[in-house]
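Student: Give me the fold of what follows.
(2 chains)
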Amino acid sequence: MEFFIISMLNGVSYGLLLFLLSSGLTLIFSMMGVLNFAHASFYMLGAYIGYSVAQLVGFWPGLIVAPLVVGALGALFERLTLRRVHKFGHVPELLVTFGLSYIVLELVQLIWGRTAVEFAPPELLRGPAFTLVHHANDTLEWFWGSVDGAVCAGQGVICSPFPATRGFMMLVALLMLVSLWLLLTRTRIGLIIQAALTHPEMVESLGHNVPRVLMLVFGAGTGLAGLAGVIGGSTFVTEPNMAATVGSVIFVVVVVGGMGSLSGAFLASLLIGVIQTFAVGLDHSFVSVAQQLGMEVSDAMRENSVLKLTLSQVAPILPYLFLVLILIFRPKGLLGTREG
Amino acid sequence: MSKPYYEFKPYNVGRWIVWSLFALVLLGAPLVFSGNLSITMLSQMGIAIIACLSYNILLGQGGMLSFGHAVYTGLGAYMAMHALNAAADGQWPIPVSLIPLVGGVAGLFFAILFGYVTTKKAGTPFAMITLGMAELVFAMSLMFSEFFGGEAGISGNRVVGEAFMGISFGPPRQVYYLIAAYTFVCVGLMFAFTRTPLGRILNAVRDNPERVEFIGYNTQKVRYLAFMIAGFFAGIAGGLGALNFEIVTAEVVGAARSGGYLLFTFLGGATFFFGPIIGGILMVLAAVLLSELTKAWLLYLGLIFLFMVMYAPGGIASLIMMNLRVASFGKLREVWVAYLALGVTALVVLLGGGAMVEMIYHLQLDAAMGDVVKYLGMSLHPKDAGSWFGAAFVTLTGLGIFELTRRQFSAQWAEIQTEIEKEIKRRETQ
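Tutor: Residues are numbered from 1 along each chain as shown, chains lettered A, B, ... in the order given. Next up, the predicted model:
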């Protein structure tokens, strides 16, 4: 039971982090039609800039400053390059961001080195947020914070702590989600952004500067990626490879959710986060399941490279398998509206 | 009206000349560049040319931006390597010269399998799905170590069986000629493909899918067919690569390789058939020479790519064709001064900027190697302000003059283009 609760929470928090990333990507994609291939690079930049700021003035200012800096860099990039290639169509736009991902990777390695940096979360978030204690008599107990070592040392007692950084990750992501939704649906700015999407000429003639709106949208999207970077970087590892590991997963999220659908991206990121987290924690393979069901397992089967793979070994490819299944059975994505 | 070019029926003389020249270049290249390094580089160029051309069936002719082309070259390479090992064990009687075809068939098979999913969508979703597929295959390559050989990869020996007429495929030169033969045939076939009805409708699918649907074609099926053909040629390139290197490791299906095909096909020029050939040659030159020359080569590559997308989206091929057009109207004389000025100032900017990049790299990566950076015969001192000041000064001055000449050049270029348009109109009315 406590395995289920903790894994579920871990999965949901990872899913929410994925959503922070994919919401920025979806925002940019649905507003501008640009698939920002360098989105994960901005995530990495957020982590590294957050790390540097945290070294200077502490984690909390870094949490504010890094997304702003990354957002400004994103807006600058839009202004200098994306706007120029806009007239060539969507493929050159994608290619520009693809080129940027190379440059960012090299620059990050140049400035911060090729190995991982130690980006530790602040004192407040280091311990567990709460601990589940499974007593010997099969009852569960809930403690805020960490528990005494003496309690866990008892016979048949299992303590499952839930890290505070994970909780913080969930909190920030939910806050962002709500404020983004309020901003887009309840304010004038959101109104203009939505109108600039569908009727750019009309919005232009009403006196709004549409290119500037798009630049701000791009900056906001990359800023969200930067925020996710600070949180993700301090929770996991901050290393030059982090963009590559998360980059393709968020594309999977966006396709599975349905291109350009924010709610779809939300659903898909939660699904993928939960599936992957559970898979990592489970050590079952076809062979072991067959043995548990009381079936005879021959030596040939035991040595078969497919059958002996455990679920935790398969975990890295699960999102992509999910992508393939979705494309076969529901090509428009979970909540997508358009086919093709 | 008479045709503006000479045509000798029933033969198209120009085409015969071009293809004969191509064959001559393939035959003569190892005689001119006869060193060991240059022969392996020439072999790699042949392979890269096939791979980039097959990629261009997707990118240039079909408008499909794939981020997973290395899946098909890589899996083709693995199958070819397994076939080679089976042939060496005597299980499978297949001559070495046909091993690349095994790769091709494998590429075709996987393109049929994966293409069914990836070609369901076009445009941007297609790009993301191919990326997902590439990640899937790469993650699997580390999982199934029986087939993929894990981290070490699988290796083989291409000298199998009796030598036929002295050809054992042991010496690199013999492998080169095998690759050259494959290159010639594949380039010919891929060019022929662009002339088939399928190739033409593929161009139409790229340009206007809706209209193609209206005239009764299934765009998804057209994309799927093109994807299979591209997969077949990619597999041949992979098989040749397996023969050439005698080892296949998991990186051949990796994302970096796929990105490389995209980058260099685009740099060479996706809009013209011969563009990817230039791209393939550049790919090997960059990977072998540029990476030797400087540690910052990926940074330079990214920057070059970015500027090419922004200022010359047709790639090098389109630059060549634009200048050929200007030359054919006899106006190249008017711009060559501007070209010279642009080239010289660009060189100055590169010199200064490169010096700064090299100094930063030195400070970051090998500061333990001493305080002096050797840069084009000069020695720079990254710890001194003087070197930095000099480099910055050179860069900024170069940039300033470059911008001035660029403005003048673009004005001149626009003028020439309008003149050419006028000239064309005048000829039409005659």
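
Student: Now for the residue of the stretch 101-250 of chain B at minimum distance from chain A: which residues touch it?
Tutor: The nearest approach of the stretch 101-250 of chain B to chain A comes at B:L136, 3.7 Å away (Cβ to the nearest Cβ). C-beta: built from backbone N, CA, C; applies to glycine. Going by Cβ atoms under 8 Å, 6 or more residues apart in numbering or on different chains, B:L136 touches A:317, A:320-321, A:323-324.

Student: I'd like a version of those residues in TSV, one that adds secondary structure, pLDDT and distance to chain B as further columns.
Tutor: What follows is the contacts of B:L136, written out as TSV (DSSP: H, G, I helix; E, B strand; the rest coil; pLDDT from 0 to 100; distance: Cβ to the nearest Cβ, whole Å):
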residue	secondary structure	pLDDT	distance to chain B
A:I317	helix	86	4
A:Y320	helix	88	4
A:L321	helix	88	7
A:L323	helix	86	5
A:V324	helix	84	5
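
Student: Most neighbours of all these, which one?
Tutor: A:L323 (28 neighbours; other Cβ atoms under 10 Å in any protein chain shown).

Student: Pretty sure A:V256 is one of the things it touches, is it not?
Tutor: Yes. In this structure, A:L323 is within contact of A:V256 by Cβ atoms under 8 Å, at 5.9 Å.

Student: Compute the distance between the closest residue to chain A within the stretch 301-430 of chain B and A:G226, please.
Tutor: In the stretch 301-430 of chain B, the residue that lies nearest chain A is B:G302 (3.3 Å; Cβ to the nearest Cβ). Distance from B:G302 to A:G226, counting by Cβ to Cβ, to the nearest Å: 20 Å.

Student: More neighbours: those two, which one.
Tutor: Shown here are B:G302 and A:G226; by other Cβ under 10 Å, A:G226 has more neighbours (31 against 21).

Student: mind checking how far that one is from A:A66?
Tutor: From A:G226 to A:A66 the distance is 5 Å (Cβ to Cβ).

Student: shared neighbours, these two?
Tutor: A:46, A:49-50.

Student: Can I get those in JSON lines including neighbour count, pLDDT and secondary structure?
Tutor: As requested, these are exported to JSON lines (neighbours: other Cβ atoms under 10 Å in any protein chain shown; pLDDT from 0 to 100; DSSP: H, G, I helix; E, B strand; the rest coil):
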{"residue": "A:G46", "neighbour count": "32", "pLDDT": "94", "secondary structure": "helix"}
{"residue": "A:I49", "neighbour count": "25", "pLDDT": "94", "secondary structure": "helix"}
{"residue": "A:G50", "neighbour count": "30", "pLDDT": "93", "secondary structure": "helix"}
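
Student: List just the nearest of those residues to B:I167.
Tutor: Distances from B:I167 to the shared contacts of A:G226 and A:A66, taken as Cβ to Cβ, are shortest for A:G46 (57.5 Å).

Student: What sits closest to that closest one if chain neighbours are left out?
Tutor: Once flanking residues are discounted, A:G46 sits nearest to A:G229: 2.5 Å by Cβ to Cβ, 6 or more residues apart in numbering or on different chains.

Student: Show me which parts of the helix or strand of chain B with the lowest mean pLDDT are buried, residue by residue.
Tutor: Ranking every helix and strand in chain B by mean pLDDT, DSSP states H and E puts strand B:373-375 at the bottom, with a mean of 73. Judged by neighbour count (16 or more other Cβ atoms under 10 Å in any protein chain shown), strand B:373-375 contains these buried residues: B:373, B:375.

Student: What lies in contact with the helix or strand just after it?
Tutor: Downstream of strand B:373-375, the first helix or strand assigned by DSSP states H and E is strand B:378-380. Identification of contacts with strand B:378-380 by Cβ under 8 Å, 6+ apart yields B:355, B:358-359, B:372-373, B:387, B:391.

Student: Same check on stretch A:170-184?
Tutor: Contacts for stretch A:170-184 (Cβ under 8 Å, 6+ apart): A:9, A:12-13, A:16-17, A:19-20, A:23, A:27, A:189-190, A:193-194, A:224, A:227, A:231, A:266.

Student: Would you mind listing which of those residues are buried?
Tutor: A:9, A:12-13, A:16-17, A:19-20, A:23, A:27, A:193, A:224, A:227, A:231, A:266.

Student: circling back to that earlier point, wait, which of the shared contacts of A:G226 and A:A66 is closest to chain B?
Tutor: A:I49 (17.2 Å).

Student: contacting residues around A:W112?
Tutor: Per Cβ under 8 Å, 6+ apart, neighbours of A:W112: A:48, A:51-52, A:240.

Student: now do B:P30
Tutor: B:P30 neighbours (Cβ under 8 Å, 6+ apart): B:38-39, B:42, B:173, B:176-177.

Student: Can I get the buried ones among these as something I can paste into PyMOL?
Tutor: Command for PyMOL, covering only those of those found buried under the criterion 16+ other Cβ under 10 Å:
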select buried, chain B and resi 38+39+42+176+177
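
Student: who in the stretch 301-430 of chain B is up against chain A?
Tutor: Listed as neighbours of chain A in the stretch 301-430 of chain B under the rule Cβ under 8 Å from any Cβ of the partner chain: B:301-303, B:305-306, B:309-310, B:313, B:360-361, B:364.

Student: For the contacts of strand B:378-380, which two are the farthest from each other?
Tutor: Top of the distance list for the contacts of strand B:378-380 (Cβ to Cβ): B:V372 and B:A391, 14.4 Å.

Student: The two: which has the busier surroundings?
Tutor: B:A391 (22 against 14).

Student: can you tell me the helix or strand for that one?
Tutor: Using DSSP H and E, B:A391 maps to helix B:385-429.

Student: rewinding a little: flag the least confident of the buried ones among the contacts of stretch A:170-184.
Tutor: Lowest pLDDT within the buried ones among the contacts of stretch A:170-184 is found at A:I193 (80).

Student: In this structure it contacts A:V213, no?
Tutor: Yes. With contact defined as Cβ under 8 Å, A:I193 reaches A:V213; the gap is 6.1 Å.

Student: how about low-confidence regions in chain B?
Tutor: Scanning chain B with the threshold set as pLDDT under 70 gives B:1-10, B:161-164, B:166, B:366-370, B:376.

Student: Confirm the residue of the stretch 301-430 of chain B closest to chain A sits in a helix?
Tutor: Yes. The assignment for B:G302 (DSSP: H, G, I helix; E, B strand; the rest coil) places it in a helix.

Student: Apart from its chain neighbours, what residue comes closest to it?
Tutor: Using Cβ to Cβ, 6+ apart, the closest residue to B:G302 is A:Y102 (3.3 Å).

Student: ok, that neighbour to B:A134 distance?
Tutor: A:Y102 is 17 Å from B:A134, by Cβ to Cβ.
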